[in-house]
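Student: need coordinates for the following:
(2 chains)
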Amino acid sequence: AQRVTQPEKLLSVFKGAPVELKCNYSYSGSPELFWYVQYSRQRLQLLLRHISRESIKGFTADLNKGETSFHLKKPFAQEEDSAMYYCALAQGGYNKLIFGAGTRLAVHP
Amino acid sequence: GAVVSQHPSRVICKSGTSVKIECRSLDFQATTMFWYRQFPKQSLMLMATSNEGSKATYEQGVEKDKFLINHASLTLSTLTVTSAHPEDSSFYICSARDPGQGGTGELFFGEGSRLTVL
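Tutor: Model (predicted):
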């Protein structure tokens, strides 16, 4: 069955520290993976997608098919990065997105 | 980016009544919209795919007679929670993809509608 697992509910770091938000997936086909972010009192929005291999706001994520992972990383966390982060897996040519449970990132000064 | 708007943002109703939530794509036409439900401190769960001009496709375990979806135009989908009960209290979120962005896969989300059933 298709599944997205984010093992950490909360990740708490200090400003300037490296951040890694874990995401593992289970999917029989070729996965299309995304990271979505939800800042306080704002709607969910796309952060990045693996297919474009881009870096947004200093965040990167590499798809590792061997480990079935798509961890989100940033070398130096900023306070404004504090938000809820969701890893998502697209099925059926982007017809459906399956979301992980989400990880709350708290960056302290 | 494309804008998806939901209304109302909050609604409180009595048990047994029906509630309608609207989802509009403001600057693009969406043949398909998606309805999600989010419980407190939990992830988004896909409820159904709303298809313009045809019946919605419901996910397993979602009661289609309970959650009526109508997608009458290319910019509007509605979710009606019928005979609401307290366990239907939740955060309902709609999303849509802008076909003008060439199938990049990005979903644009509404701000969500919080339903509280007393």
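
Student: run through chain A and note the low-pLDDT ranges.
Tutor: Chain A contains residues with pLDDT under 70 at A:92-95.

Student: quick one: the strands in it, in order.
Tutor: With DSSP state E as the criterion, chain A has strands at A:3-5, A:10-14, A:19-21, A:24-26, A:32-38, A:45-49, A:60-61, A:72-74, A:83-91, A:96-99, A:103-108.

Student: which parts of chain B sit against chain A?
Tutor: B:1, B:32, B:34, B:36, B:41-46, B:49, B:93, B:95, B:97, B:103-107, B:109-112 (CB under 8 Å from any CB of the partner chain). C-beta coordinates here come from the backbone N, C-alpha and C atoms, glycine included.

Student: mind redoing it with 7 Å?
Tutor: By CB under 7 Å from any CB of the partner chain, the residues of chain B that approach chain A are B:42-44, B:46, B:97, B:103, B:105-107, B:109-112.

Student: where's the dip in pLDDT among those?
Tutor: Lowest-confidence member of these: residue B:103, scoring 58 (pLDDT).

Student: dump the strands of chain A to JSON lines, plus distance to chain B.
Tutor: Below are those laid out as JSON lines (distance: least, CB to the nearest CB, whole Å):
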{"stretch": "strand A:3-5", "distance to chain B": "8"}
{"stretch": "strand A:10-14", "distance to chain B": "10"}
{"stretch": "strand A:19-21", "distance to chain B": "14"}
{"stretch": "strand A:24-26", "distance to chain B": "13"}
{"stretch": "strand A:32-38", "distance to chain B": "6"}
{"stretch": "strand A:45-49", "distance to chain B": "5"}
{"stretch": "strand A:60-61", "distance to chain B": "14"}
{"stretch": "strand A:72-74", "distance to chain B": "16"}
{"stretch": "strand A:83-91", "distance to chain B": "6"}
{"stretch": "strand A:96-99", "distance to chain B": "5"}
{"stretch": "strand A:103-108", "distance to chain B": "9"}
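
Student: can you count the residues close to residue 2?
Tutor: Using chain A. For residue A:2, the neighbour count with other CB atoms under 10 Å in any protein chain shown is 14.

Student: nope, chain B
Tutor: Neighbour tally, residue B:2, other CB under 10 Å: 17.

Student: for the closest residue to it other than its chain neighbours, give its distance to residue B:51.
Tutor: Nearest residue to residue B:2, sequence neighbours excluded (CB to CB, 6 or more residues apart in numbering or on different chains): residue B:98, at 4.0 Å. Going from residue B:98 to residue B:51 by CB to CB, to the nearest Å gives 16 Å.
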